[in-house]
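**Q** Need coordinates for the below:
(chains A and B)
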There are 2 protein chains.
Amino acid sequence: MNEAQPRGILYVVGIGPGAHEHATAAALAAIADAELVVGYATYIKLVRPLLEGKQVIKTGMTEEIGRARAAVDAARAGGKVALISSGDAGIYGMAGLVFEVLREMGWKRGESPELRIVPGMTALSSCGSLVGAPLVHDFCAISLSDLLTPWTVIERRLEAAAAGDFVVGLYNPASGRRTRQIVEAQAIMRRHRSGQTPVALVKSAYRKLQKAVLSDLDHFLEYEIGMLTTVLIGSSQSYVYEGYMVTPRGYRNKYELDGDILPGQRAGFSLVAQTAVPPSPSDRAAPSLVAAPSHVGAGLNPPSSQPSQLTEGEAE
Amino acid sequence: MNEAQPRGILYVVGIGPGAHEHATAAALAAIADAELVVGYATYIKLVRPLLEGKQVIKTGMTEEIGRARAAVDAARAGGKVALISSGDAGIYGMAGLVFEVLREMGWKRGESPELRIVPGMTALSSCGSLVGAPLVHDFCAISLSDLLTPWTVIERRLEAAAAGDFVVGLYNPASGRRTRQIVEAQAIMRRHRSGQTPVALVKSAYRKLQKAVLSDLDHFLEYEIGMLTTVLIGSSQSYVYEGYMVTPRGYRNKYELDGDILPGQRAGFSLVAQTAVPPSPSDRAAPSLVAAPSHVGAGLNPPSSQPSQLTEGEAE
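**A** Numbers count the residues shown, from 1 in each chain, chains lettered A, B, ... in the order given. Coordinates of the predicted model:
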């Protein structure tokens, strides 16, 4: 590159589901700081009030590579540019393509542009919040679009996710032309899970045309599923309660809901399977087993007889 | 419940990684609106500037159930309560436990409290943004904590995620007492993936003690991994470039980076595996195959000869 060029900034920004109240301040600040904002026309529309006095490049659905190149080129030449994705630019978004383009042009760290990746809330979170608490335990995200990924790879991932009893979030489940994939996904999941497994369909979360439907694995294909739909398929543990879809974290495996511990379990120690005998003395003497007092709280519960580290349940 | 009770509000709020600039306005507004804020002491500290004039219940690591009950009880009695988790309350957070507690007390939709689940940015997104673009293709989240989940279940999920070639995000990878699980996870992944597979370790993303390390599957256990670390393990497609970890979305399977399409591929149609013959006429005549013009953009690229729907690549 030309050493005389000023060092531009390329913000790669996830704007969240759409409503500004679910964008982060950092994402809005990045757009405010940019001289040029680049994005898919629909997303540009979502941030229109922020664009006054700025250059804007909005392109259509076929133009990801063009958008990434335009943003990189302008920032490389010294501009302050925000390339926006909905959700999180790092989850099925534009961040990956930015690196592909930079690599192709031989960009090195320290050269122009400086990269600032601004994370946003992905559809799993925004859609999950509209139907309850479907993602409180282990989950997978799989895109059903086979435009860039061979269907055999997607199929293998569906099989693995089904076999692993993950909650499964499907991105890009269908489009006008692509309707067979979601049918095959349903069939794969159904071979591993009950037809009563809860399934949520959320369209346009936190946008004007928002729609959320709760169904089950045997019936969800009866509803409209399109490009703006995220499909959340429960694990064997997911249940529906008062119209909410919930995947429990597992507290009931170990505790009463008054905080008392169940017989045979020890707070802060590995869960003992309910059909198993208590841990043997050799298990208790395992090297990682260091007792660490951890009661620092206001004591809403009666103190238990064991120190514990349940904080890990929310250590995100 | 007592019909005479006023209808309280229970906000279940994900505050994101910690820094307020990565919280959403909706999350901050929920805390502002609450009379009582309930949370783990560490998270209460993260929002302290917002708490003036409010009641606060902060409890320690052992007290999730007590926190959930205190928040539900106060809101059920008519209060405006915010129960906070870091990240997204719906991803390994408090949202699940709220439903467990409500169900135990026989709560029905329409009764007090009204539930408002306010999504936040989960650790996958915040941590991913600090190391590049590791999550641009299919991924799994797995918690290695076996305090509430039998290790056999976790092990099965690790096997499935490894076999499915997912990028894997490990929450709660280790704690002072729990150190064996991450070693077993490494061994499982290693049986399916190269030792050079990129692995990122991110601790306390967007907090004071933030630390990000890039390593690989053979060597990442040489670094400190604790309760505040998120581990991101690449798929077979992930690579390291200029100190960034990237998982490509697959554009290079189909396109040159100047936007030209590769021989044998068609924009807007299923990827043709490179060793395969072009699709047969019967494939082309599949019922879902409706040509839909989709060029709406400013035309940074020369128009391709086929309409296409690549927007799906970022339809989150």
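**Q** ok, and the closest non-adjacent residue to A:L170?
**A** Leaving out its chain neighbours, the residue that sits closest to A:L170 by Cβ to Cβ, 6 or more residues apart in numbering or on different chains is A:V231, at 4.0 Å. C-betas here are computed from N, CA, C, even on glycine.
**Q** okay but the one you found is in contact with A:F220, surely?
**A** Yes. If you go by Cβ atoms under 8 Å, A:V231 and A:F220 touch, sitting 7.2 Å apart.
**Q** Of the two, which one has the most company?
**A** A:V231 (26 against 22; other Cβ atoms under 10 Å in any protein chain shown).
**Q** quick one: pLDDT of that one?
**A** On pLDDT, A:V231 comes in at 98.
**Q** So it versus B:A95, what's the distance?
**A** 19 Å (Cβ to Cβ, to the nearest Å).
**Q** can you map out the helices along the stretch 201-316 of chain A?
**A** Applying DSSP state H, counting those that start in this stretch to the stretch 201-316 of chain A gives helices spanning A:281-284.
**Q** in it, which segments are predicted with low confidence?
**A** Applying pLDDT under 70 to the stretch 201-316 of chain A flags residues A:274-316.
**Q** so who does A:E224 touch?
**A** Shown in contact with A:E224 (Cβ atoms under 8 Å, 6 or more residues apart in numbering or on different chains): A:201, A:203.
**Q** switch to 6 Å and redo it
**A** Neighbouring residues of A:E224 by Cβ atoms under 6 Å, 6 or more residues apart in numbering or on different chains: there are none.
**Q** now swap in A:Y223 and tell me
**A** A:Y223 sits next to A:201, A:213 when contact means Cβ under 6 Å, 6+ apart.
**Q** Roughly how far does it sit from A:S215?
**A** Distance from A:Y223 to A:S215, by Cβ to Cβ: 6 Å.
**Q** How about A:Y171?
**A** 18 Å.
**Q** And A:R249, by the same measure?
**A** Taking Cβ to Cβ, one finds A:R249 at 24 Å from A:S215.
**Q** Contacts for stretch A:91-109 next, please.
**A** A:12, A:64, A:68-69, A:72, A:83, A:85, A:89, A:117, A:122, A:143, A:171, B:133, B:135-136, B:241-243, B:246, B:248-249, B:257, B:314, B:316.
**Q** so how far does that stretch reach from one end to the other?
**A** 22 Å (Cα to Cα, to the nearest Å).
**Q** List the buried residues for it?
**A** Neighbour counts over stretch A:91-109 (16 or more other Cβ atoms under 10 Å in any protein chain shown) mark A:91-103, A:107 as buried.
**Q** Kindly indicate which of the residues you listed lies nearest A:C127.
**A** Of all these, A:C127 sits closest to A:I91, with 12.5 Å by Cβ to Cβ.
**Q** Read off the pLDDT value for that closest one.
**A** pLDDT, A:I91: 98.
**Q** Which of the helices or strands spans it?
**A** Per DSSP states H and E: A:I91 is located in neither a helix nor a strand.
**Q** Over to A:A82?
**A** Using DSSP H and E, A:A82 falls in strand A:80-85.
**Q** elements contacting that strand?
**A** strand A:9-14, helix A:25-33, strand A:36-40, helix A:64-76 (3 or more Cβ pairs under 6 Å, 6 or more residues apart in numbering or on different chains; DSSP states H and E).
**Q** hey, which of those is tucked in deepest?
**A** Mean neighbour count (mean count of other Cβ atoms under 10 Å in any protein chain shown) peaks for strand A:9-14 among the helices and strands packed on strand A:80-85, with a mean of 28.
**Q** got the CA positions of that one in CSV?
**A** Only the C-alpha atoms of strand A:9-14 are listed here, as CSV (Å, rounded to 0.1, in the frame of the first residue of the first chain):
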residue,chain,number,x,y,z
ILE,A,9,-11.0,3.2,10.2
LEU,A,10,-13.3,0.3,9.3
TYR,A,11,-16.0,-0.3,11.8
VAL,A,12,-17.7,-3.6,11.3
VAL,A,13,-21.0,-3.1,13.2
GLY,A,14,-23.8,-5.4,14.3
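**Q** any idea of the mean pLDDT for it?
**A** 98.
**Q** do stretch A:124-133 as well
**A** Averaged over stretch A:124-133, pLDDT sits at 98.
**Q** try stretch A:155-175
**A** In this model, stretch A:155-175 has an average pLDDT of 97.
**Q** Now it: buried residues?
**A** Quick answer for stretch A:155-175 (16+ other Cβ under 10 Å): A:157-175.
**Q** Just those residues: which are in strands?
**A** A:167-171 (DSSP state E).
**Q** quick check, nearest of those residues to A:A23?
**A** Nearest to A:A23 out of these is A:Y171 (Cβ to Cβ; 19.4 Å).
**Q** The closest residue to that closest one other than its chain neighbours: what's it in contact with?
**A** Leaving out its chain neighbours, the residue that sits closest to A:Y171 by Cβ to Cβ, 6+ apart is A:S143, at 4.5 Å. Taking Cβ under 6 Å, 6+ apart as the criterion, A:S143 is in contact with A:92, A:171-172.
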